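**Student:** Need coordinates for the following:
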Amino acid sequence: MYKVLLNQPGRLALRVADFITVDDYYELRPLLDTTLHSAGEPRLYWEMEYFRGWQPDELWRDLQFDLTVTADFARIALVGTPDNVSLITPVMQTIFRAEMRTFPPDQKEAAWQWFGDSELPRLPTK
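**Tutor:** Predicted coordinates for the structure are as follows:
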């Protein structure tokens, strides 16, 4: 499941938890495409809480072939534990050619600033 933290031209910030399902993917796809094509240097903030991967596993194969990237993110900030980051990094590196940095959960503010916004949105954690 996921929550949109910020959706502005060229800026997309997401909090993902548990698994990304097929339904989540089909909802996320247009958000990613719109963000990629709405600004010269689009950026993605991807925060993970208890992230466990893709469900079903075949979704990863669909994602590789379905997301035809004609633009690219300038920056991708990945926030999560080492286990979370290790699950998503291969996906991001396969699809996008962006400058990518990883941040532990206690450095969300630093990740947000690097992402390109001055203040992290104050949203409930659940």
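**Student:** Quick check: R11 touching R43?
**Tutor:** Yes. Contact criterion Cβ atoms under 8 Å: R11 and R43 qualify, at 5.6 Å. Just so you know, the C-beta spots here come from the backbone N, C-alpha and C atoms, and that holds for glycine as well.
**Student:** overlap in contacts of these two?
**Tutor:** Listed as contacting both R11 and R43 by Cβ atoms under 8 Å, 6 or more residues apart in numbering are F115, G116.
**Student:** more crowded one of these two?
**Tutor:** R43 (23 against 19; other Cβ atoms under 10 Å).
**Student:** measure the more buried one to R15 for me?
**Tutor:** For R43, the distance to R15 equals 16 Å [Cβ to Cβ, to the nearest Å].
**Student:** what's the helix or strand harbouring Y45 packed up against?
**Tutor:** Under the criterion of DSSP states H and E, Y45 resides in strand 43-55. For strand 43-55, the contact count by 3 or more Cβ pairs under 8 Å, 6 or more residues apart in numbering; DSSP states H and E identifies strand 2-8, strand 11-21, helix 22-36, strand 75-79, helix 82-95, helix 108-115 as packing neighbours.
**Student:** excluding its backbone neighbours, what's nearest A98?
**Tutor:** Using Cβ to Cβ, 6 or more residues apart in numbering and skipping the chain neighbours, the partner closest in space to A98 is F73 (3.9 Å).
**Student:** actually L12, not the one I typed
**Tutor:** Using Cβ to Cβ, 6+ apart, the closest residue to L12 is T35 (4.1 Å).
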